[in-house]
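Asks: Got a sequence here, can you model it:
(one chain, ligands or ions: 1)
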Amino acid sequence: MGCTFSGLNALYDAVNGGGDVWINETRFKIVRQLGEGGFAYVFLVKEVVSDSSASGGGGLAKKFKDPSHVSDDGTYAMKKVLIQNSEQLELVKEEIRVSSLFSHPNLLPLLDHAIISVKPTQEASWNHEAYLLFPVHLDGTLLDNAKTMKTKKEFFSTSDVLQIFRQICAGLKHMHSFDPPYAHNDIKPGNVLITHRKGQPPLAILMDFGSARPARRQIRSRSEALQLQEWASEHCSAPFRAPELWDCPSHADIDERTDIWSLGCTLYAILYGVSPFEYALGESGGSLQLAIVNVQIKWPAGPKPPYPDALHQFITWMLQPQAAVRPRIDDIIIHVDKLISKFSQ
Ligand SMILES: Nc1ncnc2c1ncn2[C@@H]1O[C@H](COP(=O)(O)OP(=O)(O)OP(=O)(O)O)[C@@H](O)[C@H]1O
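Replies: I've put the predicted structure just below:
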């Protein structure tokens, strides 16, 4: 990977109508927009292979350590982040640093990146742009899938639910086993890319390491607790955020099990399309925080539940409000494997 934060390593060719982008030595044509986040746009791009690099086997192909990262048709996902201040610049640099630590088939790899300085204009006050290159997964995220499935009144089979969940756990185990252990901090359906495959369960890939940090933090004062809560309010999506990040005691040992809470919420969302606490947002006087800290889960009503009770019990086990007795990723994997052998045909 080209690792430089300075200079004109990426050049956004706005002059010719937003046609091409350079990331280091590689030129890409923007095909279309795939999505957008807070300060970011994600585009489908295609590598423009020059005659000289084509004769040598293609530009990017030579650059990647892992040959499986090379796209057959030269298409990739490119995230363009608009950076307005030094704090945002540090966050992007941290996202790049953390993304480069991991290498696992269920974690989205960062293939290349560049950060360029941009002259502020009257319309735009940002002063840097970051370009991050990833493999593209055109079937979208679990969140996109949930929306389409809801309109078509479709559900994942129990077997597919478990296989998708197992893959998310495999990626997360890689992070939790790192030295020091890392927490992802923003596990949710919108951060899981899905690829449908013929005759096989969907492929699931965890992405967005913008909030990932060393997981273990010792909280020893009220001000440290408040600082953690403030950090969490900016980095961990509220409906999936663990109780200890909403209401942190002044003496607490926070660890990677904040992610296990979010995993429980994510499993519920694979079944029912939303976090188990999201209903509180729709109720007058409802409070997401109260629903979470009191673990008021709302199960779908009806005499015939669409999924086995064992899945509901599994979710409840992950949604243990006391972090110190919440299961760890290894416990979760042992359990999901048991459920897979029970429910997969
Ligand atoms: N590799 C990819 N392949 C296909 N689509 C992608 C890829 N990466 C991102 N997307 C699409 O772009 C959207 C935004 O991406 P991403 O979540 O990385 O941005 P973000 O700024 O971090 O968003 P958020 O503010 O929600 O965290 C995703 O929801 C997804 O639809």
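Asks: residue ranges of the strands in the stretch 151-300 of the chain, please?
Replies: 182-183, 192-197, 200-206, 213-214, 217-219, 252-254 (DSSP state E, counting those that start in this stretch).
Asks: Enumerate the positions of the third one that are buried.
Replies: Right, strand 200-206. 201-206 (16 or more other CB atoms under 10 Å). To be clear about C-beta, it is placed using only N, CA and C from the backbone, and glycine gets the same treatment.
Asks: ok, back up a step: which one, of the strands of the stretch 151-300 of the chain, ends up nearest to the ligand?
Replies: Taking CB to the nearest ligand atom, strand 192-197 is the member of those nearest to the ligand, at 5.6 Å.
Asks: what is the rounded mean pLDDT of that closest one?
Replies: The predicted model assigns strand 192-197 a mean pLDDT of 96.
Asks: With stretch 61-80 instead?
Replies: The average pLDDT within stretch 61-80 is 85.
Asks: Repeat that for stretch 209-221.
Replies: 97.
Asks: Tell me which residues are up against it.
Replies: Residues outside stretch 209-221 that contact it (CB atoms under 8 Å, 6 or more residues apart in numbering) are 91, 94-95, 98-99, 102, 175-176, 180-186, 225, 228, 235-236, 248-256, 258-259.
Asks: So how do I select the buried members of those residues in ChimeraX?
Replies: Burial among those is assessed by 16+ other CB under 10 Å; the matching ChimeraX selection reads:
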select :91,95,98,99,102,175,176,181,182,183,184,185,186,225,228,235,236,248,252,254,255,256,258,259
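Asks: Among the contacts of stretch 209-221, which lie within helices?
Replies: Those of the contacts of stretch 209-221 mapping onto helices are 91, 94-95, 98-99, 175-176, 225, 228, 235, 258-259, per DSSP state H.
Asks: could I get the strands of the stretch 151-300 of the chain as TSV with distance to the ligand?
Replies: Formatted as TSV, the strands of the stretch 151-300 of the chain follow (distance: least, CB to the nearest ligand atom, whole Å):
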stretch	distance to the ligand
strand 182-183	16
strand 192-197	6
strand 200-206	8
strand 213-214	15
strand 217-219	22
strand 252-254	21
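Asks: residues in contact with Leu288?
Replies: Leu288 neighbours (CB under 8 Å, 6+ apart): 238-239, 277-278, 280-281.
Asks: Could I get the phi/psi values of whichever residue of the stretch 151-300 of the chain sits closest to the ligand?
Replies: The minimum distance from the stretch 151-300 of the chain to the ligand, using CB to the nearest ligand atom, falls at Asp208 (4.7 Å). The phi/psi pair for Asp208 (degrees, to the nearest 10) reads phi 70, psi 80.
Asks: Once you drop chain neighbours, what's closest to it?
Replies: Asn191 (4.5 Å; CB to CB, 6 or more residues apart in numbering).
Asks: Correct me if wrong: that neighbour contacts Ile168.
Replies: No. Here Asn191 does not reach Ile168: they are 9.5 Å apart, not a contact under CB atoms under 8 Å.
Asks: Can you pull the residues that touch both of the two?
Replies: Leu206.
Asks: Pull the CA coordinates from the longest strand along the chain and hand them back as PDB.
Replies: The residue-count maximum for a strand in the chain (DSSP state E) belongs to strand 26-36. Output of strand 26-36 as PDB, limited to C-alpha atoms (Å, rounded to 0.1, in the frame of the first residue of the first chain):
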ATOM      1  CA  THR A  26      -3.300   4.600 -10.400                       C
ATOM      2  CA  ARG A  27      -6.000   6.400 -12.400                       C
ATOM      3  CA  PHE A  28      -9.700   5.500 -11.900                       C
ATOM      4  CA  LYS A  29     -12.800   6.500 -13.800                       C
ATOM      5  CA  ILE A  30     -15.800   7.200 -11.600                       C
ATOM      6  CA  VAL A  31     -18.700   4.900 -12.800                       C
ATOM      7  CA  ARG A  32     -21.400   5.900 -10.300                       C
ATOM      8  CA  GLN A  33     -22.100   6.800  -6.600                       C
ATOM      9  CA  LEU A  34     -22.700   3.800  -4.400                       C
ATOM     10  CA  GLY A  35     -23.600   5.500  -1.100                       C
ATOM     11  CA  GLU A  36     -22.700   8.300   1.200                       C
END
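Asks: And the helices in this structure?
Replies: Using DSSP H, helices in the chain cover 51-55, 59-63, 86-99, 142-151, 158-176, 222-235, 243-246, 258-272, 279-282, 288-293, 309-318, 329-343.
Asks: nearest to Gly35, of these?
Replies: Among those, the nearest to Gly35 by CB to CB is helix 142-151 (8.3 Å).
Asks: Check the offset of the closest one from the chain's centre.
Replies: Distance of helix 142-151 from its chain centroid, counting by CA atoms, centre = their mean, to the nearest Å, is 17 Å.
Asks: same for it, what does it pack against?
Replies: Contacts defined by 3 or more CB pairs under 8 Å, 6 or more residues apart in numbering; DSSP states H and E place helix 142-151 against strand 192-197, helix 258-272.
Asks: So what's the residue count around the residue nearest to Asp208?
Replies: Counted with other CB atoms under 10 Å, the neighbours of Asn191 add up to 24.
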